[in-house]
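In: sequence first, predicted model second:
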Amino acid sequence: MLGSVMDRVSQTLLVDRLAIFVEDPLQPGQMRIARSMGVRLFESLDLSFLEPARPEFARGALLFESPRAARRRQRLPSAAPSKQLDLNYFVPCRIREHTVAVLGLGKTVDGDFLSAMTSN
């Protein structure tokens, strides 16, 4: 099912880099990559920045304009997950008030930002 969701999102938004993160059953409150497309995966990837309680998620989405801007704003190391994943948008997927997944998206295939997303 995740594969068909990713195909539909990719075709609709014209993105070629995306990932779906779900809660890790072994570490409640922590996310793990469930499926990805066009994303290089690293073994020691710290996904703590995807904490469902982030204020940006309450406002709709987390946007990293660039990995450099993300490091400055978040005080992340140079090997920050947003840089490693090369994703710019992180959108929470909720059932009622519970975040069940996070959809990570890169820029469009033309290298443009998605115009409907808002910056924080």
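Out: Sure, I can see it. Residues are numbered from 1 along each chain as shown.

In: residues of stretch 37-47 that come out buried?
Out: Neighbour counts using 16 or more other CB atoms under 10 Å place 37, 39, 47 of stretch 37-47 among the buried residues. Just so you know, the C-beta spots here come from the backbone N, C-alpha and C atoms, and that holds for glycine as well.

In: Three-state assignment for the residue nearest the centre of the chain, please.
Out: Centroid-nearest residue in the chain: residue 104, 2.6 Å away (criterion: CA atoms, centre = their mean). What DSSP: H, G, I helix; E, B strand; the rest coil gives for residue 104 is strand.

In: quick check: bridge partners of residue 105?
Out: Beta-bridge partners recorded for residue 105 (DSSP bridges): residue 18, residue 89.

In: and the gap between it and residue 58?
Out: Residue 105 sits at a distance of 19 Å from residue 58 (criterion: CB to CB, to the nearest Å).

In: so between those two, which is more surrounded?
Out: residue 105 (21 against 10; other CB atoms under 10 Å).

In: now that one: how far from residue 39?
Out: 10 Å.

In: and the buried residues of stretch 37-47, which is closest to residue 9?
Out: For the buried residues of stretch 37-47, the residue nearest residue 9 by CB to CB is residue 37; the value is 9.1 Å.

In: need the phi and psi values for the closest one.
Out: Backbone torsions of residue 37, given as degrees, to the nearest 10, read phi -140, psi 120.

In: thought it was touching residue 17?
Out: Yes. Taking contacts as CB atoms under 8 Å, residue 37 lies within contact range of residue 17: 7.0 Å.
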